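no sequence for this one, just the structure:
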């Protein structure tokens, strides 16, 4: 593998510390011709699919029939007139407001015209208990009602299939429109005049109207009654789900919004958890770091499960373990990919779609992810960590036992076998292979947790066996990853470059937060990787040069580390700064530009939302302080 060019004799210089003065994004939006390429988006979904809605109430991204499917609305990646979207265009538009119904995934958008007239749009994907199961149809429910006056609205529903290459055939009935393509067919049921929808004709909204877009099936009940019932049932489901969360005292709104967003990233059919809902939103403008994140990375999924577990939301872990068990059993103790399709697909060939202009015209648009071919050795630790709680938690319906432990032992053997071998690392470097500290660390965690599981199962010999292996790996990490010149743990054995991932050494338990070398490492990382509250992943150039933007999860790792070593006030200051760069609905993407404070990278990023939960739980005052 090729190595980055650098001068090993030259000590890297710290980044300048600067803070942008740009204010927090407001809840109001007023533009003449607002772009459809923006991350000022809300998410609706039901653990089967999702859609992204912008401040104008336009659905600009929605993949069907599942997260990694065809984007039937693709304006996020095609802001041209060829893009597909679903909008309610208000005549003489002036400004908008947008918010979630508290503690739910139901989104409200209000559009006002220059006369003060307006409409309210309600968006949701139905999810609730029905007939002993979760009802989560592949349906978008949109309801509009007038707020005042006689506002005129144009319904613009422009579907496309096959990544925007196929315009569907439209047929109509008395209260529906069918959109028929080669691979799928959708049906819009609406109680608004069908002629106005087909002709994109403006009409006066003088009463509520309901729209239900989904599979080409007959709706059993009345359109408005069905939409209203779906809204009420979905509101009740999410309110009850949120009420059961064990939230911290402080930052409850931020934590609940993050938790709902993580839940919406679960593909409940199999239990897989996607890393993000989009593809090809670049990590930085013009960087070509445009990736498809609509798959299940075992690394990311573990962090999601761990964050939700901390809130006593165990259902996601139980669903994920169904999916993870299939991965483990199928591997038979052999190689495990870092990611799979949400239906356990092994091959995710990467291709570039040249016909799409990309997010804000930043090409390329990629589908699939070549990382499935990588060897990323931290995956084995992530498997064991993701499953460990199931052996200890008596609340679970299906606790793991000796049979599950045998499968995990095979994973542990693989972790021990490869911990000292070069790999692509957790940042998925495509042209550089090293013995990454973070990968060895997760192999240590696999052996450490297996020893604890064995003790829980009263298997003393197996506990001793795995404890010895953990001690061997741990000793080698502490010896070979430490760089005396840098006074820090480096990103690889024998290396000197710094990497934020070594902050996980305390989080997974290899080091105590009071360890002098760990504290020195935190100091070094702050000096060379941080720009104010923001933090880069690493300092060495990668396949595309030096990263321009900060990686949000790294900032949250830093916050956690600072809190653990006793610098809690500094940690709180940085945490509040990270909360300030969320969008108007409390959501984060993967990256933040340290100068403009704009969000970049795929959205919403589960890693980033995990960081909000973890840091709030770490920093919050106790409930005992007020009750």
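Yep, that arrived. Owing to the predicted nature of the structure, the values given are computational and were not obtained by experimental measurement.

And for the one helix or strand residue 578 maps to, what's in contact with it?
Using DSSP states H and E, residue 578 maps to helix 568-580. The contact list for helix 568-580 (Cβ atoms under 8 Å, 6 or more residues apart in numbering) reads 19, 24, 251, 254, 532-533, 552, 555-556, 558-560, 562-563, 597, 611-612, 615-616, 618-619. Heads up, the C-betas are built off the backbone N, CA and C, glycines and all.

all helices of the stretch 401-550 of the chain, in order?
When assigned using DSSP state H, counting those that start in this stretch, the helices of the stretch 401-550 of the chain occupy the ranges 402-418, 437-456, 460-480, 504-507, 516-529.

Would you tell me which one of these is buried the most?
Across the helices of the stretch 401-550 of the chain, the average number of neighbours (mean count of other Cβ atoms under 10 Å) peaks for helix 437-456, which reaches a mean of 25.

who does it touch, helix- and strand-wise?
helix 379-388, helix 402-418, helix 460-480, helix 504-507 (3 or more Cβ pairs under 8 Å, 6 or more residues apart in numbering; DSSP states H and E).

I'd like the distance between residue 173 and residue 167.
Separation of residue 173 from residue 167 (Cβ to Cβ, to the nearest Å): 20 Å.

Just want to know which of the two has more residues nearby.
residue 167 (15 against 11; other Cβ atoms under 10 Å).

What sits closest to that one if chain neighbours are left out?
Take residue 167 and drop its neighbours on the chain: the residue closest to it by Cβ to Cβ, 6 or more residues apart in numbering is residue 160, 6.1 Å away.

contacting residues for that neighbour?
Taking Cβ under 8 Å, 6+ apart as the test, what residue 160 contacts is 72, 74, 84, 166, 167, 168.

From the contacts of helix 568-580, list the buried ones, please.
251, 254, 532-533, 552, 555-556, 558-560, 562-563, 597, 611-612, 615-616, 618-619 (16 or more other Cβ atoms under 10 Å).

Among the residues you listed, which lie within helices?
Secondary structure assignment by DSSP state H places 254, 552, 555-556, 558-560, 562-563, 611-612, 615-616, 618-619 of these in helices.

my read: residue 518 touches residue 509, true?
No: Residue 518 is beyond contact range of residue 509, at 11.9 Å (criterion: Cβ atoms under 8 Å).

which neighbours do the two share?
Here residue 518 and residue 509 have no joint contacts, going by Cβ under 8 Å, 6+ apart.

Residue 292 and residue 557: what is the separation?
24 Å.

for residue 294, same thing?
In terms of Cβ to Cβ, residue 294 sits 24 Å off from residue 557.

Also residue 266?
Separation of residue 266 from residue 557 (Cβ to Cβ): 23 Å.

higher neighbour count, those two?
residue 266 (28 against 23).

quick one: contacts for that one?
47, 272, 273, 316, 319, 320 are the contacts of residue 266 under Cβ under 8 Å, 6+ apart.

who's in contact with the one helix or strand residue 299 maps to?
In this assignment (DSSP H and E), residue 299 forms part of helix 298-310. Outside helix 298-310, the residues that touch it by Cβ under 8 Å, 6+ apart are 246, 258-259, 262-263, 265, 272-273, 275, 314, 316-317, 320, 324, 327, 336, 338-339, 376, 378-379, 382-383, 385-386, 389, 426, 606-607, 609-610, 613-614, 617.

And the strands in the stretch 101-250 of the chain?
Secondary structure of the stretch 101-250 of the chain, counting by DSSP state E, counting those that start in this stretch: strands at 107-113, 118-124, 128-130, 133-135, 140-148, 152-158, 169-172, 176-180, 185-190, 203-204, 209-215.

closest one to residue 230 among those?
strand 140-148 (5.2 Å; Cβ to Cβ).

For that closest one, give the mean pLDDT please.
Strand 140-148 comes out with an average pLDDT of 97.

In contact with the nearest residue to residue 223 once chain neighbours are set aside, which residues are there?
Leaving aside its chain neighbours, residue 223 sits nearest to residue 191 (4.5 Å; criterion: Cβ to Cβ, 6+ apart). By Cβ under 8 Å, 6+ apart, the contact list for residue 191 reads 175, 209, 210, 223, 224.

Residue 271 too?
Here residue 271 is in contact with 319, 320, 321, 322, 323, 324 (Cβ under 8 Å, 6+ apart).

neighbours around the second one, how many?
As a burial measure, the neighbour count of residue 320 was computed by other Cβ under 10 Å and equals 25.

That one in helix, strand or coil?
On the three-state scheme (DSSP: H, G, I helix; E, B strand; the rest coil), residue 320 is labelled helix.

Report the separation between the nearest residue to it once chain neighbours are set aside and residue 389.
Nearest non-adjacent residue to residue 320, counting by Cβ to Cβ, 6+ apart: residue 271, 4.9 Å away. For residue 271, the distance to residue 389 (Cβ to Cβ) stands at 15 Å.

re earlier: could you provide the contacts of residue 271 in JSON lines, with additional columns for pLDDT and distance to residue 229?
Formatted as JSON lines, the contacts of residue 271 follow (pLDDT from 0 to 100; distance: Cβ to Cβ, whole Å):
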{"residue": "319", "pLDDT": "95", "distance to residue 229": "26"}
{"residue": "320", "pLDDT": "96", "distance to residue 229": "31"}
{"residue": "321", "pLDDT": "95", "distance to residue 229": "33"}
{"residue": "322", "pLDDT": "94", "distance to residue 229": "30"}
{"residue": "323", "pLDDT": "96", "distance to residue 229": "31"}
{"residue": "324", "pLDDT": "96", "distance to residue 229": "35"}
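
For the stretch 351-500 of the chain, give me the ranges with low pLDDT.
430-431 (pLDDT under 70).
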